[in-house]
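# need coordinates for the below:
(chains A, B and C)
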Amino acid sequence: MSTREQEFLEYVQAGGQAESGDWLPEEYRARLIKFIEMHGNSELMGVLPEREWILRAPTLQRKLALTAKVQDEVGHAQLIYRVVEDLGKPREACLADLVSGRAKFHNVFHYPTRTWGDVGVIAWLVDAAAIISQKALLKCSYAPYARIMKKICWEESFHILHGRDVVLTMMLGTDGQRELVQEALTRWWAPLMHFHGNPIPPDEDPMVVWRIKSQGNEEARQQFLDGYVPQIWELGLSVPDPKLRKRDDGVWEYTEPDWEELRLVVTGHGPRTAERLDLRRAAHENSAWVRQAVLAEAA
Amino acid sequence: MPEHSRAELLLPIADDELVLGWRNSEWTGIAPFLEEDVAFSSIAQNEIGHARALYGLVAEELGTTADELAFDRPPCEYRCAPLAELRRLDWAGTIARHFLYETADELRLDALKESCDAAVAGLARKIDREEIYHRLHAKMWFDRLRDEPRFRTALLELWPYALGVVPEHLRDRFGERAELPSNTVLQGARGTHTAELEPLWEEMTMVRRSIPGAAW
Amino acid sequence: MIYEVFRQERSGQAFQHAGAVVAPDAVFAEVYAREQYGRRGESAALWIAPREALTEVGDFVDELGRNYHRVDGYSLKAKLREARDRAGTLAS
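Now for the predicted structure:
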């Protein structure tokens, strides 16, 4: 590492932040782009499992709330890709890499949604897992990203309440509705346990070293379990992991997730990966003429 | 004395807004670009919101709820104009319909604002104020796409359906505003439905019908 | 084109930079800015300007320490103590 890079590293480790016009070490810029781009891709791909349920929402309020939630996610993608663009990678390049499979997005968005139970579980628990990761980005050493994270976290707060409301309403409803919630939870548990990534010690995690995020993967997962397992259990729902328990020292024990499954999924082999990328690619291609007419972009 | 019951007067409009809002929400997540995705989603939400308020007024009169009116009637009982039912997942068709519908709706709302039912008139005024944004958006896109051949094609294709949105006595004025001939043969009169309504209704009501009477 | 958006959270407060939207012209930019920064009524007002209209200024030079026109240029503690002592008003 050059002296200048070393100075930058010490600067961010001491809490310093950089702006878009500042000199940034090449490694830092490259890691930032990859990380932030993956976040943008995830917000965009996260829309696809949920949007079908907008059309099927069983009340007008739920339809409005779900449309607004998904709209927020698209809005977040917009905020995030703008940050990536100012770092040097244009939005069209990000979208091209996404649909070609070259770029990644979070594991949870590679899985199918099967029932209205999924709608509740995703909005409540997947968004909860996401908010924990997002809060760890509020002090990101790259200031433009930290700033949008503030807006994103603020908007996500209603998503969790909406999710919890959907779940609670079903838990207070019929046996059939309670079964929908339990069944969805059972299916989503493994992806939720994968969500924060395999346990890399923070001082070996480049994201933490460069102060892009302020929390290691295992710490995030523990925070999720600590916050949400009690909420799950108090509704009489069960988690499909007989080993899950909180030790006396406050640490949650659980069955080690299958990290190979996570690796396969995020490298493009999830149950719905191909289908969703196809949908996104088709939508993008079909509307190329609009961008050309309006944004004067090459198709 | 009101000329029509609230149901007769408002269900056609509420059903238009519900079905069109449902169609427009199909774009959420896959619109041509991100900023427009967010904007168009708000328009879809407003339409559902308007439907909800309109159903609410009718529900008062009939002793039911907005949700029951929105979802628990069979397809043949919906009073929407066929224009709203058409599936248009191409942007030219969507904007053409958006422009035509907003133009028609403005005329319709002008009449509703004069209703002797104070609640109806009041709601019409509120909806009208929200629609200012929709009209701005529709005009903005119309101006951008007016010279695109596929847009002109879509406008001409949808115009015969659009005429069915307004009652006969408003069609000349509609033609003037849209700069399209009002003597075009009407296609899709209100009271009839296209083959597209049934699959739309199936999907729209599938969760609700899965456990009838449940709270969601 | 990129349009920068500044928002005012509440009437009377300063406008702060909120983000940017991509739009073909000012009319589209207004629609998109309203959506991204106001659809929940979270802003009292917005300013929208094309990015090229803005100039960034960042290097402020003060080599010789111009603290005479700042509060940190004035340390009165010692003098005040001496003056109180002289006037016999120094607290014991």
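# so where is chain B shaky, pLDDT-wise?
B:1-3 (pLDDT under 70).
# residue in it with the shortest distance to chain C?
Nearest to chain C in chain B, going by C-beta to the nearest C-beta, is B:Glu35, at a distance of 4.1 Å. C-beta: built from backbone N, CA, C; applies to glycine.
# what does chain C have sitting close to chain B?
C:Val21, C:Val22, C:Ala23, C:Pro24, C:Val27, C:Phe28, C:Val31, C:Tyr32, C:Arg34, C:Glu35, C:Gln36, C:Arg39 (C-beta under 8 Å from any C-beta of the partner chain).
# scratch that, the stretch 1-150 of chain A
A:44, A:47-48, A:51, A:53-64, A:67-68, A:70-71, A:73-75, A:77-78, A:81, A:91, A:116.
# give the burial count for residue 20, as a bare number.
Answering for chain A, as no chain was given. A:Ser20 has 15 neighbouring residues, counting by other C-beta atoms under 10 Å in any protein chain shown.
# can you look at chain C instead?
With other C-beta under 10 Å as criterion, C:Ala20 counts 25.
# quick one: it and B:Arg88, what's the gap?
According to C-beta to C-beta, to the nearest Å, C:Ala20 stands 31 Å off from B:Arg88.
# likewise A:Ala130?
33 Å.
# of the two, who's got more company?
A:Ala130 (25 against 20).
# for chain B, give me its nearest residue in chain C.
C:Tyr32 (4.1 Å).
# list the contacts of that residue.
B:Glu35, B:Glu36, B:Val38, B:Ala39, C:Tyr3, C:Val21, C:Val22, C:Ala23 (C-beta atoms under 8 Å, 6 or more residues apart in numbering or on different chains).
# what's the following helix or strand after the helix or strand where the residue of chain B closest to chain C lies?
Assigned by DSSP states H and E, B:Glu35 belongs to helix B:34-62. Downstream of helix B:34-62, the next assigned helix or strand under DSSP H and E is helix B:66-71.
# can that following helix be said to contact chain A?
Yes: judged by C-beta under 8 Å from any C-beta, helix B:66-71 comes into contact with chain A at B:Ala66, B:Asp67, B:Ala70, B:Phe71.
# the third one and B:Arg52 touch, don't they?
Put plainly, it is B:Ala70. Yes: counting by C-beta atoms under 8 Å, B:Arg52 is a contact partner of B:Ala70 at 7.5 Å.
# can you check which residues contact both of the two?
A:Leu60.
# contacts with chain A among the contacts of C:Tyr32, please.
Checked against chain A using C-beta under 8 Å from any C-beta, the contacts of C:Tyr32 yield the following neighbours: B:Glu35, B:Val38, C:Val21, C:Val22.
# about what we covered before: buried among the residues of chain C next to chain B? Need that as a selection in ChimeraX.
The command below creates a ChimeraX selection of those among the residues of chain C next to chain B that count as buried (16 or more other C-beta atoms under 10 Å in any protein chain shown):
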select /C:21,22,23,28,31,32,34,35,36,39
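# farthest pair in the residues of chain C next to chain B?
Spanning the widest gap among these are C:Pro24 and C:Arg39, at 20.5 Å by C-beta to C-beta.
# show me which residues of chain C sit near chain A.
So far as C-beta under 8 Å from any C-beta goes, chain C lies against chain A at C:Ala18, C:Gly19, C:Ala20, C:Val21, C:Val22, C:Pro24, C:Phe28, C:Glu35, C:Gln36, C:Glu56, C:Gly58.
# now do 6 Å
Selection of chain C residues close to chain A by C-beta under 6 Å from any C-beta of the partner chain yields C:Ala20, C:Pro24, C:Gln36.
# make JSON lines from the residues you listed and add secondary structure and pLDDT to it.
Conversion of the residues of chain C next to chain A to JSON lines gives the following (DSSP: H, G, I helix; E, B strand; the rest coil; pLDDT from 0 to 100):
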{"residue": "C:Ala20", "secondary structure": "strand", "pLDDT": "96"}
{"residue": "C:Pro24", "secondary structure": "coil", "pLDDT": "95"}
{"residue": "C:Gln36", "secondary structure": "helix", "pLDDT": "96"}
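# which of those lies closest to B:Val58?
C:Gln36 (34.8 Å).
# distance from the chain centre to stretch A:261-276, please.
15 Å (C-alpha atoms, centre = their mean, to the nearest Å).
# could I get the buried residue list for that stretch?
Buried, per 16+ other C-beta under 10 Å, within stretch A:261-276: A:Leu262, A:Val265, A:Val266, A:Gly270, A:Arg272, A:Thr273, A:Arg276.
# can you list the buried residues in stretch A:91-100?
Under the neighbour-count criterion of 16+ other C-beta under 10 Å, stretch A:91-100 has A:Arg91, A:Glu92, A:Cys94, A:Leu95, A:Leu98, A:Val99 buried.
# is that stretch anywhere near chain C?
No: residues of stretch A:91-100 are not located near chain C by C-beta under 6 Å from any C-beta, the shortest gap being 7.5 Å.
# can you give the contact residues for that stretch?
Contacts to stretch A:91-100, defined as C-beta atoms under 6 Å, 6 or more residues apart in numbering or on different chains, come from residues A:Glu37, A:Asn41, A:Tyr81, A:Val84, A:Glu85, A:Ala103, A:Leu277, A:Arg280, A:Arg281.
# which SSE is the closest residue to chain B within the stretch 1-150 of chain A in?
Chain B sits closest to A:Val47 of the stretch 1-150 of chain A, with a gap of 3.5 Å, by C-beta to the nearest C-beta. Using DSSP H and E, A:Val47 falls within helix A:26-56.
# that helix vs helix B:34-62, what angle?
30 degrees (axes from the mean of the first three to the mean of the last three C-alpha atoms, to 10 degrees).
# what packs against helix A:26-56?
helix A:60-87, helix B:197-210 (3 or more C-beta pairs under 6 Å, 6 or more residues apart in numbering or on different chains; DSSP states H and E).
# for it, buried residues please.
Across helix A:26-56, burial judged by 16+ other C-beta under 10 Å covers A:28-29, A:31-33, A:35-51, A:53-56.
# equivalent analysis for stretch A:200-218, please.
Per 16+ other C-beta under 10 Å, stretch A:200-218 contains these buried residues: A:202, A:205, A:207-208, A:210-218.
# near chain C, which residues of chain A?
A:Gly75, A:Arg82, A:Val294, A:Leu295.
# show me which of the residues you listed is closest to B:Thr194.
Using C-beta to C-beta, A:Val294 is the member of the residues of chain A next to chain C that lies nearest B:Thr194, at 29.9 Å.
# what helix or strand is the closest one located in?
Using DSSP H and E, A:Val294 falls within helix A:288-295.
# before we move on, back to that, just give the nearest non-adjacent residue to the residue of the stretch 1-150 of chain A closest to chain B, would you?
B:Gly29 (3.5 Å; C-beta to C-beta, 6 or more residues apart in numbering or on different chains).
# got it, and A:Tyr254?
A:Leu244 (4.9 Å).
# my guess is the one you found meets A:Thr255, correct?
No: counting by C-beta atoms under 6 Å, A:Leu244 stays clear of A:Thr255, with 7.5 Å between them.
# what is the burial count for the residue nearest to A:Tyr254?
18.
# could you do B:Ala70 as well?
25.
# how about the one 10 residues further on?
B:Cys80 has 24 neighbouring residues, counting by other C-beta under 10 Å.
# list the contacts of it.
By C-beta under 6 Å, 6+ apart, the residues touching B:Cys80 are B:Asp15, B:Asp16, B:Val19.
# what secondary structure does it sit in?
Three-state call for B:Cys80 (DSSP: H, G, I helix; E, B strand; the rest coil): coil.
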